[in-house]
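J.: This is a predicted model, with the sequence first.
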Amino acid sequence: MNLAACGTLPRTPENAVWYRLILPGHLTTALGSAHTKLRSGRFNAGPLLPPHDQFPILSFADDLIVAQFEVGAVLGSLTPGGYLPHPRHSSFVTLNVQIILHDVIDLTGVSTAQAPLGTNAQELTGDWRGYNTRTASTSVSVPTGSAPTQELGKALSSTGVEGFRSISAKVTHHKTLFVFPNNLRTGSSLTFSDPSGAIVHQIP
């Protein structure tokens, strides 16, 4: 992957409602991100990074059902009658978050992002967990370490961009949005409000 291209990719604003799932006990800090610095994810190597390279990152989906697929709260496929609640993950709360950003890279663009980066939809949505679970004692022992998408997340964060859109790994005709809270510019915000319109949590 050509990570050197990250700093030259086109950037666009974002102003829309995106969706995220959390557990009810975290509602008052619904958009908290400090814990994500040490949590491995598709675009974040977390504890594999040295402390000075670790960064917080928040993920969202463009549809409330897609958000449920992303965390495994529903199983199956996004077709009529094709999915059902996960029996052990039914306690999640779905948040609708108004996101205003000035500076977002769209990795779903084939010619504008994937080609310059030397990547594709399959790599962006493929397995990353195996890099953390393969060992000398497993039948497949390599590759290990940071996955290519995790290296990409780190490189994007270091450019100062506020976030990036990608392809949902669970519902591949939908988008996900990843936000770097530490990179938010003046006038950018993430706001979760209750049904009455009262703000429950907002950053910054």
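T.: Yes, it's here.
J.: Tell me the buried residues in the longest strand seen in the chain?
T.: Longest strand in the chain, counting residues (DSSP state E): strand 93-106. Residues of strand 93-106 classed as buried by neighbour count (16 or more other CB atoms under 10 Å): 95, 97, 99, 101, 102, 103, 104, 105, 106. (Glycine included, C-beta is placed from N, CA and C.)
J.: next SSE after that strand?
T.: Tracing the chain past strand 93-106, the next element assigned as helix or strand by DSSP states H and E is helix 115-117.
J.: Please work out the average pLDDT along that next one.
T.: Averaging pLDDT along helix 115-117 gives 98.
J.: got a list of contacts for the helix or strand following that helix?
T.: Once the chain leaves helix 115-117, the next helix or strand it forms, by DSSP H and E, is helix 121-125. Contacts to helix 121-125, defined as CB atoms under 8 Å, 6 or more residues apart in numbering, come from residues 1, 107, 114, 148, 149, 166, 167, 168, 169, 172.
J.: For the protein, which helix or strand comes out least confident on mean pLDDT?
T.: Every helix and strand in the chain was compared by mean pLDDT, DSSP states H and E; the lowest is strand 83-85, with a mean of 65.
J.: Next, name the residue at the spatial heart of this protein.
T.: Residue closest to the mean C-alpha point of the chain, counted by CA atoms, centre = their mean, is residue 59 at 3.4 Å.
J.: and that one, what does it touch?
T.: Here residue 59 is in contact with 20, 41, 70, 176, 177, 178, 179 (CB under 8 Å, 6+ apart).
J.: For burial, what's the neighbour tally of the second one?
T.: In other words, residue 41. Applying other CB atoms under 10 Å, we find 17 residues neighbouring residue 41.
J.: quick revisit: of the contacts of residue 59, which belong to strands?
T.: 20, 176, 177, 178, 179.
J.: pLDDT wise, what is the residue lying farthest from the centre of the chain at?
T.: Distance from the centre of the chain peaks at residue 137, with 30.8 Å (CA atoms, centre = their mean). You'll see residue 137 listed with a pLDDT of 93.
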